[in-house]
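*Asks:* Provide a 3D model corresponding to the input given below.
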Amino acid sequence: GQPLKAEEVADFKVIEFNKENKRIVISHSRIWEDARAEARTEEFNARKKEAKASTVAVKKVKDSVEKSTLGDLSVLAQLKQQMEGAENDARNADKSE
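*Replies:* This next block holds a predicted model:
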């Protein structure tokens, strides 16, 4: 900023007002700082709301997805059959000896 000239109008924020000491403290830059802080707060709240919404969505998806067990997976079922077949072959080979 630049210093104000005579008869120039600007916005100020009262920071301190003390009637006993006849003291008033005002700030022009505080207006901009407050606006910046408010924008930051709004942005933070928007991010927080978005994060909460995505968390809820992920939770819904996880709850709706049926959890598969090892017995449900066809690849593991085939592997089990192969292992049982190999086991039976090994038992038959031991019996024939």
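*Asks:* Any idea how many residues pack against L76?
*Replies:* For L76, the neighbour count with other C-beta atoms under 10 Å is 13. (C-beta placed from N, C-alpha, C; glycine too.)
*Asks:* How about K13?
*Replies:* Look at K13: counted by other C-beta under 10 Å, it has 14 neighbours.
*Asks:* For the residue nearest the centre of the chain, give its distance to V58.
*Replies:* Centroid-nearest residue in the chain, with C-alpha atoms, centre = their mean: A51, separated by 3.7 Å. Counting by C-beta to C-beta, to the nearest Å, the gap from A51 to V58 is 11 Å.
*Asks:* before we move on, the earlier item: pLDDT value on the residue nearest to the centre of the chain, please?
*Replies:* At A51, the pLDDT value in this model is 94.
*Asks:* elements contacting the helix or strand that contains it?
*Replies:* Applying DSSP states H and E as the criterion places A51 in helix 29-64. In terms of contacts (3 or more C-beta pairs under 8 Å, 6 or more residues apart in numbering; DSSP states H and E), helix 29-64 is packed against strand 13-18.
*Asks:* State the paired neighbours of the strand it packs on in the sheet, together with their directions.
*Replies:* The pairing partners recorded for strand 13-18 under DSSP bridges are strand 23-27 (antiparallel).
*Asks:* got the angle between the strand it pairs with and helix 29-64?
*Replies:* Strand 23-27 runs at 60 degrees relative to helix 29-64, counting by axes from the mean of the first three to the mean of the last three C-alpha atoms, to 10 degrees.
*Asks:* roughly how far is strand 23-27 from the heart of the chain?
*Replies:* Taking the mean C-alpha point of strand 23-27 and that of its whole chain, the gap between them comes to 41 Å (C-alpha atoms, centre = their mean, to the nearest Å).
*Asks:* Restricting to C-alpha, output the helix or strand harbouring K95 in PDB.
*Replies:* In this assignment (DSSP H and E), K95 forms part of helix 74-96. What follows is helix 74-96, C-alpha atoms only, in PDB (Å, rounded to 0.1, in the frame of the first residue of the first chain):
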ATOM      1  CA  SER A  74     -12.600 -70.800  -8.900                       C
ATOM      2  CA  VAL A  75      -8.800 -70.700  -9.400                       C
ATOM      3  CA  LEU A  76      -8.200 -71.800  -5.900                       C
ATOM      4  CA  ALA A  77     -10.900 -74.600  -6.300                       C
ATOM      5  CA  GLN A  78      -9.000 -75.900  -9.400                       C
ATOM      6  CA  LEU A  79      -5.700 -75.800  -7.500                       C
ATOM      7  CA  LYS A  80      -7.300 -77.700  -4.700                       C
ATOM      8  CA  GLN A  81      -8.500 -80.400  -7.100                       C
ATOM      9  CA  GLN A  82      -5.000 -80.600  -8.700                       C
ATOM     10  CA  MET A  83      -3.400 -81.000  -5.300                       C
ATOM     11  CA  GLU A  84      -5.900 -83.600  -4.200                       C
ATOM     12  CA  GLY A  85      -5.300 -85.500  -7.500                       C
ATOM     13  CA  ALA A  86      -1.500 -85.300  -7.000                       C
ATOM     14  CA  GLU A  87      -2.000 -86.500  -3.400                       C
ATOM     15  CA  ASN A  88      -4.100 -89.500  -4.600                       C
ATOM     16  CA  ASP A  89      -1.600 -90.300  -7.200                       C
ATOM     17  CA  ALA A  90       1.200 -90.300  -4.600                       C
ATOM     18  CA  ARG A  91      -0.900 -92.600  -2.300                       C
ATOM     19  CA  ASN A  92      -1.600 -95.000  -5.200                       C
ATOM     20  CA  ALA A  93       2.100 -95.000  -6.100                       C
ATOM     21  CA  ASP A  94       3.000 -95.800  -2.400                       C
ATOM     22  CA  LYS A  95       0.500 -98.700  -2.300                       C
ATOM     23  CA  SER A  96       1.700-100.200  -5.500                       C
END
